[in-house]
Every structure is written in structure tokens, then in C-alpha cells.
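Chemist: Mind folding the following:
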Amino acid sequence: MTFFHWGEFDPNLSVTSWFVSSRTLKIFRVVVTVYSWIILIGHLLDYGLYTHSLAQYVHYHAIIPFVYWGLLSQAFLKENNPWFIWLINVSVHGMEFVTMMIELFLNRQLMKKSFVFITIPIQILFMFEAFLVYDEHNFWIYDFLDWHRGSPGEVASRYIGFFLAFIAVYFLVYGIHAFRDFIGRKKKKSQKSSENIAMSAVA
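Modeler: Here you go, the predicted model:
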């Protein structure tokens, strides 16, 4: 299965960085993990659980905070919620953003173009989960999935647009990964050149 690059996974890339030491990367992750679990314990609802489970997948790091703060946060911001709800909500989606930034820029794990075919079924399953939540609780996790809003053509356009946007975000993140690695290799090459010059001077 060379198309999906099975057998090429290098765990060392997940715990090393072009820009910080492995220890620093570990400290960042520990802080985020501990804080996230503190918030999760105070918010043991379905939404909190699967929001955090999605944090394990690098592609969704980019989608969740931007979709939430760009499309879904207006209703929450207008409500007169107590401080604890504000803390939990901002922490969940704020930590999602922090996690995204750490995993996107500080580790060296590679993305492959073919991986998009792995993420699409996961996204479809997540949409089915949203349908089940609506059927059980009469509540839409994401308003733009509401098939009662607009004509059938508008609903179909929203779903198709979401699907295309999902793929576009994947390749945007893929491009950011490639650019990160380009900068990292350039930095490493520059460091080696400096070391060689220093060694030549000593010799």
C-alpha cells in the first residue's frame, strides 16, 4: 500500500522539532494536556468529549477553531453565560487553537497528499454523528448542517461547499507543513555551515 505510505511512519518526527528541543516540545504538550483534562473533567458532556477526541487528529486542529470562532460563536457571545461556562468554552476552543499551533509548527511529522482519502471517511462519520445528536437531542452541533434551513438546493450547496472546504483546508495544512519543513531544513543547513566554519577556524 505505497499509495498511503504504510510503513513509512517515523515516530521520531512526532517528538522532535526543527525549532525547539524535544524537551521544550514535551513541556508544551504536557501543559496543554493537563489544562485540557482539567477543563474536560468540568465539562463531561458529549460535545466536550468528542471535541477533545478530535484534537488527536492534526487536520481537525485547523478546522475546529476557525469554524467555531468564525461561524458558530456568535450565539454564545450574545448569551449571558456565567463565568464558568465562559471559562470552559474559551478553554476548549482556545486549547484547540494552541494545540493546533504547537502540532502544526513545532513537530516534524509529515503529511502525504494521499492521506486526504483517510480523513474524508472520518469526516463523513463525524457528520453522521451530528445527525445522530440531532435525532436524539433535536440540536444541531453545526448550524450549517441544518437541512431545514433553506431550499433543498441551498442545503445541497452548503453540504457540497463544506466538503470542498474540508479538502481545501487539508491541502492548506499540507502546504504549511511543507513550508515548515523547508524553513527547518534551511535552518539546519545554516547551522551546519556555521559549525563547519567554526571548526575550520579552530583548526
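Chemist: longest single helix anywhere in the protein?
Modeler: Determined from DSSP state H, the single longest helix within the chain is helix 152-202.
Chemist: Now find how far off-centre that helix is within its chain.
Modeler: In this view, helix 152-202 has its centroid 14 Å away from the chain centroid, taken as C-alpha atoms, centre = their mean, to the nearest Å.
Chemist: OK, contacts around residue 67?
Modeler: Applying C-beta atoms under 8 Å, 6 or more residues apart in numbering to residue 67 gives the contacts residue 142. Every residue, glycine included, has its C-beta placed from N, CA and C.
Chemist: ok, it to residue 108 distance?
Modeler: Separation of residue 67 from residue 108 (C-beta to C-beta, to the nearest Å): 27 Å.
Chemist: elements contacting the longest helix of the chain?
Modeler: On a contact count with 3 or more C-beta pairs under 8 Å, 6 or more residues apart in numbering; DSSP states H and E, helix 152-202 meets helix 58-67, helix 83-105, helix 116-137.
Chemist: I'd like the average pLDDT over it.
Modeler: Across helix 152-202, the average pLDDT comes to 83.
Chemist: Output the strand or helix carrying residue 30 as PDB, nothing but the C-alphas.
Modeler: In this structure, residue 30 sits in helix 22-41 according to DSSP states H and E. Output of helix 22-41 as PDB, limited to C-alpha atoms (Å, rounded to 0.1, in the frame of the first residue of the first chain):
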ATOM      1  CA  SER A  22      12.400  17.800  22.300                       C
ATOM      2  CA  ARG A  23      12.200  18.700  26.000                       C
ATOM      3  CA  THR A  24      10.600  22.100  25.200                       C
ATOM      4  CA  LEU A  25       8.100  20.400  22.900                       C
ATOM      5  CA  LYS A  26       7.300  17.900  25.600                       C
ATOM      6  CA  ILE A  27       6.700  20.600  28.200                       C
ATOM      7  CA  PHE A  28       4.400  22.500  25.800                       C
ATOM      8  CA  ARG A  29       2.400  19.300  25.200                       C
ATOM      9  CA  VAL A  30       2.200  18.400  28.900                       C
ATOM     10  CA  VAL A  31       0.900  21.900  29.800                       C
ATOM     11  CA  VAL A  32      -1.800  21.700  27.100                       C
ATOM     12  CA  THR A  33      -2.800  18.200  28.100                       C
ATOM     13  CA  VAL A  34      -3.100  18.800  31.800                       C
ATOM     14  CA  TYR A  35      -5.100  22.000  31.300                       C
ATOM     15  CA  SER A  36      -7.400  20.300  28.700                       C
ATOM     16  CA  TRP A  37      -8.100  17.400  31.100                       C
ATOM     17  CA  ILE A  38      -8.900  19.900  33.900                       C
ATOM     18  CA  ILE A  39     -11.400  21.600  31.700                       C
ATOM     19  CA  LEU A  40     -12.800  18.200  30.400                       C
ATOM     20  CA  ILE A  41     -13.400  16.900  33.900                       C
END
